[in-house]
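A.B. asks: After the sequence you'll find the predicted model.
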Amino acid sequence: MSSEINRHFFLWIKEHCPYCVKAQAFLSEKKIPFTIHVVDDKPELLVEVQKNVGVPWKTVPLIIEQQANGKRKFVGGYTDLQEYLEISNG
């Protein structure tokens, strides 16, 4: 069985952000489940998540992985997601 089964990603996005669209398409293509939080009308939600990730991250998408052990891991943005999945599956 694939290790992808235990993965789940959370994406904080803006609807017309091209990198947000690419991140969603990438995860869909890989058949990895994800949850989207649209922050166009909720800037305070994005600010709260940015504070909680523990690194200065000011752009969208903001991507976090829910790991099988229940912990959450900050991934970054779209290109970080690509690299992260390449490394963790390599």
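C.D. replies: Arrived safely. Numbering: from 1, shown residues only.

A.B. asks: Give me the neighbour count for the closest residue in space to Glu15 that isn't next to it in sequence.
C.D. replies: Distances taken as Cβ to Cβ, 6 or more residues apart in numbering place Asp40 nearest to Glu15, at 5.5 Å, with adjacent residues excluded. Yep, even glycine has a C-beta here, placed from its N, CA and C like the rest. When neighbours are defined as other Cβ atoms under 10 Å, Asp40 has 12 of them.

A.B. asks: now Ile63
C.D. replies: Counted with other Cβ under 10 Å, Ile63 comes out at 25.

A.B. asks: Where does it sit, in terms of helix or strand?
C.D. replies: strand 62-66 (DSSP states H and E).

A.B. asks: chain center to that strand, what's the gap?
C.D. replies: 4 Å (Cα atoms, centre = their mean, to the nearest Å).

A.B. asks: go on, stretch 8-22?
C.D. replies: For stretch 8-22, the distance to the chain centre is 8 Å (Cα atoms, centre = their mean).

A.B. asks: cool, stretch 79-87 as well?
C.D. replies: The mean C-alpha position of stretch 79-87 is separated from the chain mean by 11 Å, Cα atoms, centre = their mean.

A.B. asks: Run through the bridge partners of the nearest residue to His8 once chain neighbours are set aside.
C.D. replies: Distances taken as Cβ to Cβ, 6+ apart put Gln66 closest to His8, at 4.4 Å, once the chain neighbours are dropped. Beta bridges link Gln66 to His8, Arg72, judged by DSSP bridges.

A.B. asks: if we can go back for a sec, now do the strand holding Ile63: which elements does it pack against?
C.D. replies: Counting contacts by 3 or more Cβ pairs under 8 Å, 6 or more residues apart in numbering; DSSP states H and E, strand 62-66 is packed against strand 8-13, helix 43-53, strand 72-76, helix 78-89.

A.B. asks: Now do Val49 against Trp57, distance only.
C.D. replies: Look at Val49 and Trp57: by Cβ to Cβ, to the nearest Å, they are 9 Å apart.
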